[in-house]
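Q: Attaching a predicted model along with its sequence, questions to come.
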Amino acid sequence: DIVTGPWTRRFGADAPTWLKRGRWMEPQRHPTGQRLEHAFSGNVLIDVGVFRQMETWFDPRIGLGGGSDIDFFRKAARVGHTIVWADRAMIEEWTAASRVTAKGVLHRGYSVANAAALLDIQLGHGVSTRLVLALRATLLALRSLATLPLVLTHGKGGLVRAALHVARAAGITARSEEHT
């Protein structure tokens, strides 16, 4: 039903040095044919039947901040559509300079985590889902502390990486608080 693959991010000459050196925006990779529970909209091939069978495509509560694609694909998988990985279907994505500022990276991390938490709450089981989200947010916050030493060796890139974990934890917490 849905095939997705990796993409490499390319940045203009004006992209910050900390981002280019950090190598932390590299694509995820999976073996070809591996089934997934979600995808991103950057590199997908979707059977038109998926759209015909889905009651809602995008949740307006998520908005344009990021994460609506993950929400869509996770819902598609939950209703029985198959998502598979094609590792050789590599594309290049040019990323706008506005999305690679520290503020832009942190905002996107918050928004995507917030959207994923919304879907977890919608599809979850009440208290147990909230406990899992609280644990996930706590682990992200602890991970930010663990990555603080990167500030010494990676400068601003290390600081942004540590702050990104905090932004994701805040996104999860904010959505969880909304639904208590």
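A: Sure thing, it's come through. Numbering: from 1, shown residues only.

Q: tell me the secondary structure for the residue of the chain most remote from its centre?
A: Going by CA atoms, centre = their mean, the residue of the chain most distant from its centre is Leu152, 26.5 Å out. Using DSSP: H, G, I helix; E, B strand; the rest coil, the structure places Leu152 in helix.

Q: tell me, how many neighbours does the closest residue to it other than its chain neighbours end up with?
A: Once flanking residues are discounted, Leu152 sits nearest to Gly158: 7.2 Å by CB to CB, 6 or more residues apart in numbering. For every residue, glycine as well, the C-beta is placed using N, CA and C. Residue neighbour count, defined by other CB atoms under 10 Å, stands at 19 for Gly158.

Q: and if you look at Val3?
A: Counted by other CB under 10 Å, the residues lying close to Val3 total 18.

Q: show me what contacts it?
A: Applying CB atoms under 8 Å, 6 or more residues apart in numbering to Val3 gives the contacts Val44, Leu45, Ile83, Val84, Trp85, Ala86, Ala89.

Q: Looking at those residues, which is nearest Lys103?
A: Nearest to Lys103 among the contacts of Val3, counting by CB to CB, is Val44 at 27.9 Å.

Q: for this structure, which spans come out with low pLDDT?
A: 22-25, 61-67, 97-99, 125-126, 178-180 (pLDDT under 70).

Q: the helices in it, which residues?
A: Taking DSSP state H, the helices of the chain run over residues 17-22, 48-53, 68-78, 102-123, 127-147, 150-178.

Q: Let's have the contacts of Val3 in a markdown table, adding neighbour count and distance to Ala77.
A: Converted to a markdown table, the contacts of Val3 look like this (neighbours: other CB atoms under 10 Å; distance: CB to CB, whole Å):
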| residue | neighbour count | distance to Ala77 |
| --- | --- | --- |
| Val44 | 17 | 13 |
| Leu45 | 11 | 15 |
| Ile83 | 21 | 6 |
| Val84 | 16 | 11 |
| Trp85 | 19 | 13 |
| Ala86 | 17 | 16 |
| Ala89 | 15 | 19 |
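
Q: now, among these, which is nearest to Arg130?
A: Relative to Arg130, the closest of the contacts of Val3 is Ile83; by CB to CB it sits at 26.5 Å.
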